[in-house]
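Enquirer: predicted model and sequence below, questions to follow.
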There are 2 protein chains.
Amino acid sequence: MTADLFATHSDKLDAALTAIRERGYWSAYPESPSPRVWGETAAADGKAAFEAYHNGDFPLEGTERVATETSPFGVDLGIRYPHLDVDTLISRGQEALPAWRAATPQARAGVTLEILDRLAKNTFELANAVQFTTGQAFVMAFQAGTAHAFDRALEAVAYAYAEMTRHPATAEWEKPAGKGDPLRMTKTFHVVPRGLALVVGCNTFPTWNSYPGLFASLVTGNPVIVKPHPRAIAPLAITVRVAREVLAEAGFDPNLVQLAPEAPGEKLASVLATRPEVKIVDFTGSTEYGDWLEANATQAVVYTEKAGVNTIIIDSTDDFAGMCRNIAFTLSLYSGQMCTTSQNIYIPRDGISTPDGVKTFDEVAAGIAGATAKLTGDPARAVELIGAIVNDGVIGRLDLARKVGEVVLDSVAHTHPDFPDAVVRTPLIVKLDAADEDTYGTEWFGPISFLIATGGTTESVDLFAKTVEAKGALTAGVYSTDEDVLRVVEEASIEVGVHLSINLTGGVFVNQSAAYSDFHASGANRAANSALTDGAYVSNRFRIVQSRRHS
Amino acid sequence: MTADLFATHSDKLDAALTAIRERGYWSAYPESPSPRVWGETAAADGKAAFEAYHNGDFPLEGTERVATETSPFGVDLGIRYPHLDVDTLISRGQEALPAWRAATPQARAGVTLEILDRLAKNTFELANAVQFTTGQAFVMAFQAGTAHAFDRALEAVAYAYAEMTRHPATAEWEKPAGKGDPLRMTKTFHVVPRGLALVVGCNTFPTWNSYPGLFASLVTGNPVIVKPHPRAIAPLAITVRVAREVLAEAGFDPNLVQLAPEAPGEKLASVLATRPEVKIVDFTGSTEYGDWLEANATQAVVYTEKAGVNTIIIDSTDDFAGMCRNIAFTLSLYSGQMCTTSQNIYIPRDGISTPDGVKTFDEVAAGIAGATAKLTGDPARAVELIGAIVNDGVIGRLDLARKVGEVVLDSVAHTHPDFPDAVVRTPLIVKLDAADEDTYGTEWFGPISFLIATGGTTESVDLFAKTVEAKGALTAGVYSTDEDVLRVVEEASIEVGVHLSINLTGGVFVNQSAAYSDFHASGANRAANSALTDGAYVSNRFRIVQSRRHS
């Protein structure tokens, strides 16, 4: 059975292994929700499948139930998830471990790839779950929440598989011994998982951000406990349900993947993360809590993706309109509620050079604000890009941000044509000065960006480096027609360890990364202690234990 | 220059890359000190070169000097090493970083392999330095202290090189975009070191245990501060001197490798390890201090090799004499002062099956004791195997161990024929019962081993698992003619994460591991949090920072 699964999926795995080595474009999952790809009924079927969960017990076993989700679209979800106590979760995971450990890397890879394949068959259901728990518009939920999440998962499986199989399972060792017979030993190398793995999901990207850790831990032999964000359980509950089905069909204990939704106030992530049996923790979320995990879950290997202050430096451009459109899209997508959205945009106080001559600071500001207003002005079109606001904290922050400087573009409350209770807000753009470091020097999560007037690009680069050094960042962008400036900014980005996008004016955006090619986060600054996904992300999820004997 | 160095050494690097992939036998450095390999004068020249340092200023710059070494052979070393203050070490390392970071992985590999090559030209000098600081006999100091240490260093360089180059330096990404032109991006991937690296050396294996971390950190772009054990500075001082010479010749800042010997009571390792600029720490030594580093050097990635309780389970054998000889050699080599020496030997109270019928517990004990006495009875021959006692703590522990059970073989104080002041002790073997867990459940570093009577192999395996679970272990051995027993012991060794040697009766010993083939430590139990050397040991010593732009 598991041998069959590996054979079934080995072409895909080989292609992924090639992709992570070459880092060109590749994808294993269609990112278009078009009926031409999926058939006429797929969208409606997936929607119906998700809605069937509403106000009912989610089909996972358990007597006690929790229901903590509230949809940013104002839809009453009311899904009740099973709530297991911590000792049960731990002991079930531990019982499941030995047989999974004893399986080969190939067997585990076959099963995990089958899980992904099965999830891909539920793409629309999953996309609906992502949409209604995160506030993402449907197309984004479909792309980032399913296709791209599957790609990131497959990428993690490929890295982990490469790492597990970089050494042979057995080797013959023959050492010459002068005139006597050589010394001959047969060596066996076992891939041994660390123990139980915990994945702590986030509200905004429950699948995309959780899948790499989940699949990397699972394929390397670790039973995984999935602790979703209390407001974004459904996407991970569906994931766990599918994973358990596939595991059971393949003859393994379904408790290798368990869902652990928390009751209000339970602090379940902290309890689980510090249990001695838990040896791996993957977390996406706030810097404060990520730092806490790193300091306190000392019995585990902890992988965190936290927050930072993402930056764009504008020095000059040969495509002013393209630049403004590109930045506007980044600020608007999912109302700027991405850990990769640019917050600080540094612009020389004296303006920038463009093909139409120098544009003043205010003209640059007007260009970006105008492009953003154009993208988000019409409510019906806007909501398909900006989605809904994920929680009330964002609204409070918007109100506060309005008062910290001159508002260049105000945030507007739109009414969603389909969901009257959805909380929809367009981006707020505020003008600041380089001196206002107390304001722009920290993260303002949500559709809030600052255009910061600097004494010139040299100061822009200094402020960029200083802010990222202090707070970390996941993305940086630069616009310049001067290769010397680009070199200086690239040097600074290397120094502070943040990925840099240069002169984006078309269909690639600083806040998006492509699986198999772009690294998401670097692990080289405070915003994250690891990258999704590279060798370091997988190599410490298991150990090699060897035995040797005379041949 | 650096391109030349890479070309010079690329065949060796390729061979090492093949070796770590295939894990058969390979070595790049001759382990025999024979004049047939080295020429008639090499041994005397190396000895003279080392003795020229005695009672003088070691040729590294610095005004303040420290001299803290006392040789286990009773030789007056009196070598004075430069003592720099911490801020100077840190700032010099930081200044050296950018140009080294900007070099390619190939350039750095070329330089580090040239350092190894140059060290290999000083093999005899280095072997003398290892001998007289550690107490190892000369041949062992030559093999473990130079040839095998070079192999472990080359192995670490190979792993790190593979990891740095698993992604291309640049890649083209082309994503189809429906009917329009594809999206095309050029991506550049920079290998970015973490920052300053600290290597904390140990007294017993100053080169073998320090080289993997030193070379792995250096080749991945991190300036390295080498903090030797106060009693074993010379081997690392010679290493640092050679490294600095090669770096300077190659046009790099010699401060990429700095020596940081400590003044008495300075606690320099703790000061350096917790500096915010220090991002990597490699340590070999006590469990207590390794645990402290893991808990306190939280700004750094910390790799520790600590201590544990190494075990042999005797169930049955088809070569009783071979087994006894093999164990005797392990207990005797370097007076058992290896982190890999077996301490606990579990033997069924009712004896074991052998080709000559059942041997009682006491017969097995007598066999091991007799073989050990034979190896170590003649002082002149013994000292070439057991060397000298590294410090007074071992003597105190020997005295204590004599009283915890029935002495099967007493430790004898030999007079070294060449070094009358050398402190030489043969192995002590004490009989205990399974119930004496308070005694054998902790580490007794030195030539101290326990023969522990158990209710049978099942109990032996249980005690093995329990002790390793609690205290960790670097090695385990088993003797059995029953494949079912071997399977059970192998399962237990996987469960507690310790490498297992099965039925060693010839020229391979449980306390020795072969570079490129055997992993030293597993990182899967308390004795170490990493293995020398695997992917996990190198992959987090650098990060990838990328840039991308439209093609």
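Expert: Received the coordinates, thanks.
Enquirer: pretty sure residue A:137 sits against residue A:384.
Expert: Yes: using Cβ atoms under 8 Å, residue A:137 is in contact with residue A:384, at 4.8 Å. Quick note: C-beta positions are derived from backbone N, CA and C, even for glycine.
Enquirer: which of those two has more neighbours?
Expert: The residue with more neighbours, out of residue A:137 and residue A:384, is residue A:137; 21 against 12, by other Cβ atoms under 10 Å in any protein chain shown.
Enquirer: okay, and residue A:346 sits in which element?
Expert: Here residue A:346, judged by DSSP states H and E, is contained in strand A:344-348.
Enquirer: report the mean confidence score over that strand.
Expert: Averaging pLDDT along strand A:344-348 yields 98.
Enquirer: give me the contact list for that strand.
Expert: A:309-315, A:327, A:361, A:364-365, A:368, A:434, A:440, A:449-457, A:459-460, A:463-464, A:467 (Cβ atoms under 8 Å, 6 or more residues apart in numbering or on different chains).
Enquirer: in contact with residue A:48, which residues?
Expert: Residue A:48 neighbours (Cβ under 8 Å, 6+ apart): none.
Enquirer: can you do 10 Å?
Expert: A:41, A:124-125, A:128 (Cβ atoms under 10 Å, 6 or more residues apart in numbering or on different chains).
Enquirer: over to residue A:230?
Expert: Taking Cβ under 10 Å, 6+ apart, we find residue A:230 in contact with A:66-70, A:201, A:203, A:261-266, A:268.
Enquirer: now do the phi/psi pair for it.
Expert: With angles defined as degrees, to the nearest 10, residue A:230 sits at phi -60, psi -20.
Enquirer: okay, it and residue A:268: tell me how far apart.
Expert: 9 Å (Cβ to Cβ, to the nearest Å).
Enquirer: overlap in contacts, those two.
Expert: In terms of Cβ under 10 Å, 6+ apart, residue A:230 and residue A:268 are both contacted by the residues A:66, A:261-262.
Enquirer: follow-up on the earlier one: quick one: strands adjacent to the strand holding residue A:346?
Expert: The strands beside strand A:344-348 in its sheet (DSSP bridges) come out as strand A:311-314 (parallel), strand A:448-454 (parallel).
Enquirer: what's the helix or strand just after that strand in contact with?
Expert: Next along the chain after strand A:344-348, taking DSSP H and E as the criterion, comes strand A:352-354. Strand A:352-354 has contacts (Cβ under 10 Å, 6+ apart) with A:314-321, A:323, A:358-361, A:363-364, A:367, A:457, A:479-482.
Enquirer: what is the mean pLDDT for strand A:352-354?
Expert: pLDDT averaged over strand A:352-354 gives 98.
Enquirer: can you name the next helix or strand after that strand?
Expert: Remark: after strand A:352-354, the chain's next helix or strand is strand A:357-359, criterion DSSP H and E.
Enquirer: buried residues in that following strand?
Expert: In terms of neighbour count (16 or more other Cβ atoms under 10 Å in any protein chain shown), strand A:357-359 has its buried residues at residue A:359.
Enquirer: now stretch A:419-432
Expert: Of the residues in stretch A:419-432, those buried by neighbour count under the rule 16+ other Cβ under 10 Å are A:419, A:422-432.
Enquirer: ok, residue A:325 - contacts?
Expert: Applying Cβ under 10 Å, 6+ apart, the residues near residue A:325 are A:319, A:367-368, A:370-372, A:374-375, A:505-506.
Enquirer: oh sorry, the question was meant for residue A:422
Expert: Contacts of residue A:422 (Cβ under 10 Å, 6+ apart): A:71-75, A:135, A:383, A:387-389, A:414-416.
Enquirer: and the contacts of residue A:230, which are buried?
Expert: Neighbour counting over the contacts of residue A:230 (16+ other Cβ under 10 Å) leaves A:66-69, A:201, A:203, A:261-262, A:266, A:268 as the buried ones.
Enquirer: which of those residues has the weakest pLDDT?
Expert: Within those, pLDDT is lowest for residue A:266, at 93.
Enquirer: list the residues that contact it.
Expert: A:66, A:68, A:83, A:86, A:230, A:260.
Enquirer: next up, the contacts around residue A:130.
Expert: A:50, A:136, A:138, A:140-146, A:149, A:204-208, A:232, A:234-236, A:238.
Enquirer: next one: residue A:296
Expert: A:270, A:273-274, A:281, A:302.
Enquirer: okay, and which of those residues map to strands?
Expert: Using DSSP state E, A:281, A:302 are the members of those that sit in strands.
Enquirer: would you turn the contacts of residue A:296 into a markdown table with neighbour count and distance to chain B?
Expert: Output for the contacts of residue A:296, formatted as a markdown table (neighbours: other Cβ atoms under 10 Å in any protein chain shown; distance: Cβ to the nearest Cβ, whole Å):
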| residue | neighbour count | distance to chain B |
| --- | --- | --- |
| A:270 | 16 | 18 |
| A:273 | 24 | 16 |
| A:274 | 16 | 14 |
| A:281 | 29 | 15 |
| A:302 | 20 | 11 |
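Enquirer: the closest residue to chain B within the stretch 51-200 of chain A: which element?
Expert: As assessed by Cβ to the nearest Cβ, chain B sits closest to residue A:171 within the stretch 51-200 of chain A, at 4.1 Å. If you go by DSSP H and E, residue A:171 is part of strand A:170-177.
Enquirer: over to residue A:543?
Expert: For residue A:543, the host element (DSSP H and E) is strand A:542-550.
Enquirer: how about residue A:185?
Expert: Residue A:185 is part of strand A:180-193, with elements assigned from DSSP H and E.
Enquirer: tell me the strands beside that strand, with direction?
Expert: Applying DSSP bridges, one finds strand A:180-193 paired with strand A:170-177 (antiparallel), strand A:542-550 (antiparallel).
Enquirer: give the buried residues for the first one.
Expert: Going by neighbour count (16+ other Cβ under 10 Å), the buried part of strand A:170-177 is A:171, A:173, A:175.
Enquirer: for whichever helix or strand comes after the strand holding residue A:185, enumerate the helices and strands it packs against.
Expert: Per DSSP H and E, the first helix or strand lying C-terminal to strand A:180-193 is strand A:196-200. The contact analysis (3 or more Cβ pairs under 10 Å, 6 or more residues apart in numbering or on different chains; DSSP states H and E) places strand A:196-200 against helix A:86-102, helix A:211-219, strand A:224-227, strand A:257-259, helix A:268-273, strand A:278-284, helix A:287-296, strand A:301-305.
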